[in-house]
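Participant: Requesting a structural model of the entry that follows:
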Amino acid sequence: MTQKSNGSRYGALWTREESILAFELYCRIPFQRTKTNNPAVQELARLLRRSPASVAKKLGNFGAFDPELRLKEISGLTHTSKLDRQVWDEFHADWNGLVWTANQIRQEMRHRVEATHPLTRPSGPSETVRMTKQRVHQSFFRDAILSSYEATCCVTGLAIPECLIASHIIPWSEDEHFRTDPTNGLCLSATFDRLFEAGLMTVTPELVVLFSPRITESSSRVDKELLCRYHNHPIRRPNRFLPSVEHLTWHHTNRFKQQ
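Facilitator: Residues are numbered from 1 along each chain as shown. As a prediction, this is how the structure comes out:
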């Protein structure tokens, strides 16, 4: 490894901890934005004391394993490592573990930087202690869902991020195992998120929108103009993290009000 006087790590092999942070970032941003000019890529590069080009290359490596990209005939970089595959296989099946492990690694790295360049710390619990798993998981889930759907409601096409919700198909209250799983999410505008949560709307395993008879049989002109126009229409497919058939089936069976 070559270490410059400014602390940069040129030519250093990637560690497991660094690779986990890179994979977590890979899931947060669209593949087409895994570039050196992306502020998120640059931020991770600063934390790891690597170049943005090195981080972007690592993100491209993970793209080589992504089945959704292969379906679109998009290939990631070909010079992947055994460690890249190990991280993908381990955490692609353990989203909660990925999110919390990455959070802990990031905090530890930041603390090491602070130890090198001491600052006056506030008294009381540290930010690491105050930060709850719920906040960390919610942040990752929202980023992964909005990036997958290009910050667009999958039903209406609304593309105003402030109005969009990363909706869980199976709610946390039912099974926390899926709380950060991007295949357990849909990008919905606020109104349609509420309809979905209330069981007045569902998405079939074939990715088709259905409304409850309470909506389709409503005498309200507004209901018909604003909602029923999407009944039996397909959703906009995400670029990756396609909604799980099992999760959609669960919602249709357990939440959708069919009468």
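Participant: Show me where the protein has its strands.
Facilitator: 2-3, 9-10, 164-168, 185-189, 201-203, 209-211 (DSSP state E).
Participant: Please work out which of those strands is packed deepest.
Facilitator: Of all the strands of the chain, strand 185-189 carries the top mean neighbour count, a mean of 26, counting by mean count of other CB atoms under 10 Å. Where C-beta positions appear, they are placed from N, C-alpha and C, glycine not excepted.
Participant: For that one, name the packing helices and strands.
Facilitator: helix 133-148, strand 164-168 (3 or more CB pairs under 8 Å, 6 or more residues apart in numbering; DSSP states H and E).
Participant: Please repeat the previous calculation with a cut-off of 10 Å.
Facilitator: Applying 3 or more CB pairs under 10 Å, 6 or more residues apart in numbering; DSSP states H and E, we find strand 185-189 packed against helix 133-148, strand 164-168, helix 190-197, strand 201-203, helix 245-254.
Participant: Need these in CSV (columns: mean pLDDT).
Facilitator: What follows is those, written out as CSV (pLDDT from 0 to 100):
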stretch, mean pLDDT
helix 133-148, 92
strand 164-168, 97
helix 190-197, 96
strand 201-203, 98
helix 245-254, 96
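Participant: CSV please, covering these and showing distance to R229.
Facilitator: Below are the helices and strands packed on strand 185-189 laid out as CSV (distance: least, CB to CB, whole Å):
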stretch, distance to R229
helix 133-148, 24
strand 164-168, 19
helix 190-197, 12
strand 201-203, 13
helix 245-254, 21
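Participant: Now do the contacts for L59.
Facilitator: Neighbouring residues of L59 by CB atoms under 10 Å, 6 or more residues apart in numbering: 22-23, 25-27, 29, 31, 33-35, 38, 40-41, 44, 76-77.
Participant: Quick check: ChimeraX command selecting the buried ones in the residues you listed.
Facilitator: Here is the ChimeraX command that selects the buried residues among those (16 or more other CB atoms under 10 Å):
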select :22,23,25,26,27,29,31,34,38,41,44,76,77
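Participant: pLDDT below threshold where in the stretch 51-200 of the chain?
Facilitator: 75-76, 78, 113-132 (pLDDT under 70).
Participant: where do the helices sit along it?
Facilitator: Applying DSSP state H, counting those that start in this stretch to the stretch 51-200 of the chain gives helices spanning 52-63, 67-71, 82-91, 95-116, 127-130, 133-148, 190-197.
Participant: related to what we said a few turns ago, just put the strands of the chain in CSV and tack on distance to F140.
Facilitator: Compiled in CSV, the strands of the chain are given as follows (distance: least, CB to CB, whole Å):
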stretch, distance to F140
strand 2-3, 31
strand 9-10, 26
strand 164-168, 10
strand 185-189, 11
strand 201-203, 22
strand 209-211, 26
